[in-house]
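*Asks:* Coordinates for the following, if possible.
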Amino acid sequence: MDSGGVTSAVPQPAVPQPRATAQPQSRERGGRRSLAAALLLGAVGATVVLLATRQTWAEGEAATAGGALHQVAKGSDVTGAPAALAIVGLAALVAVFAVRRTGRYLVSALLALSGAGIVLAALTGAGDSTALDEQAATTTGDAGATAVDIAHTAWPYVAGGGGLLILCAGVLALWFGTRWPAMSGRYERTGAPAAKRTKAPDPDRPEDLWKALDRGEDPTG
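*Replies:* Numbering: from 1, shown residues only. Model (predicted):
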């Protein structure tokens, strides 16, 4: 309302601004954490399995004419599955970043199955004395000889624990893998050469027109 040429400004009510949602940031943060956890679990689990399979899993005695001979069976002597599956798990963990969508689910499932297979193989080999019996038969020259006074160590269970870590990494990849980054598409080659762009001739420059004619182009188009 004007009074004596003075306009009184009516204060406008403050319009509330919509708050920026924190969901995308929370999702991104959760993806980074799950990625770091999966990498750590997978790498540590595979290392533990590979180290455990090089340790003594069982030991015993083989009776010979000259007395008893001490026999030792390492994890790799008992079963080669845990070490092989640990390598497969490492390869799958790296391959997760090279594939997308369905391929990422399949590789993540392979990672989880590798861990589960390690756990199963390690627990099965924890009480296995076949490797010791084979050593006893070789030492004594008697195909029917078996090892006696057999004792098993805790290393098979350590290998199983490493497999459990790999299994957890696979579960994280299955659950959160869609939030993880993938290899950049700019490193992928399509095999088709990129079309070379030709600068349009300038009608005000006769030399450009002659060059276009030499190339077989229509300078008026």
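*Asks:* Okay, now the unreliable bits of this protein?
*Replies:* By pLDDT under 70, the low-scoring segments of the chain are 1-31, 65-67, 182-221.
*Asks:* now the helices for it?
*Replies:* Secondary structure of the chain (DSSP state H): helices located at 23-52, 75-78, 81-95, 102-125, 130-140, 155-176, 206-214.
*Asks:* what's in contact with the third one?
*Replies:* By Cβ atoms under 8 Å, 6 or more residues apart in numbering, the list of residues contacting helix 81-95 from outside reads 38-39, 42-43, 45-46, 49-50, 52-53, 75-76, 107-108, 110-111, 114-115, 117-118, 121-122, 125, 159, 162-163, 166, 169-170, 173. C-beta coordinates here come from the backbone N, C-alpha and C atoms, glycine included.
*Asks:* what's around G103, how many residues?
*Replies:* 13 (other Cβ atoms under 10 Å).
*Asks:* Same question for the one 4 residues further on.
*Replies:* V107: 23 surrounding residues under other Cβ under 10 Å.
*Asks:* of the contacts of helix 81-95, buried ones?
*Replies:* For the contacts of helix 81-95, a neighbour count by 16 or more other Cβ atoms under 10 Å gives the buried set as 38-39, 42-43, 45-46, 49-50, 52-53, 75, 107-108, 110-111, 114-115, 117-118, 121-122, 125, 159, 162-163, 166, 169-170, 173.
*Asks:* these two touch, right, L35 and F176?
*Replies:* Yes: contact status for L35 versus F176: in contact at 7.4 Å, counting by Cβ atoms under 8 Å.
*Asks:* Format the CA atom coordinates belonging to stretch 172-180 as CSV.
*Replies:* This file holds the C-alpha atoms of stretch 172-180, laid out as CSV (Å, rounded to 0.1, in the frame of the first residue of the first chain):
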residue,chain,number,x,y,z
LEU,A,172,29.0,-59.7,0.1
ALA,A,173,29.6,-59.7,-3.6
LEU,A,174,26.2,-61.3,-4.3
TRP,A,175,24.4,-58.8,-2.0
PHE,A,176,26.2,-55.6,-2.7
GLY,A,177,28.0,-56.3,-6.0
THR,A,178,25.6,-54.1,-8.0
ARG,A,179,26.9,-51.0,-6.1
TRP,A,180,30.6,-51.8,-6.9
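*Asks:* buried residues in that stretch?
*Replies:* Buried, per 16+ other Cβ under 10 Å, within stretch 172-180: 172-174, 176-177, 180.
*Asks:* Thanks a lot, see you next time.
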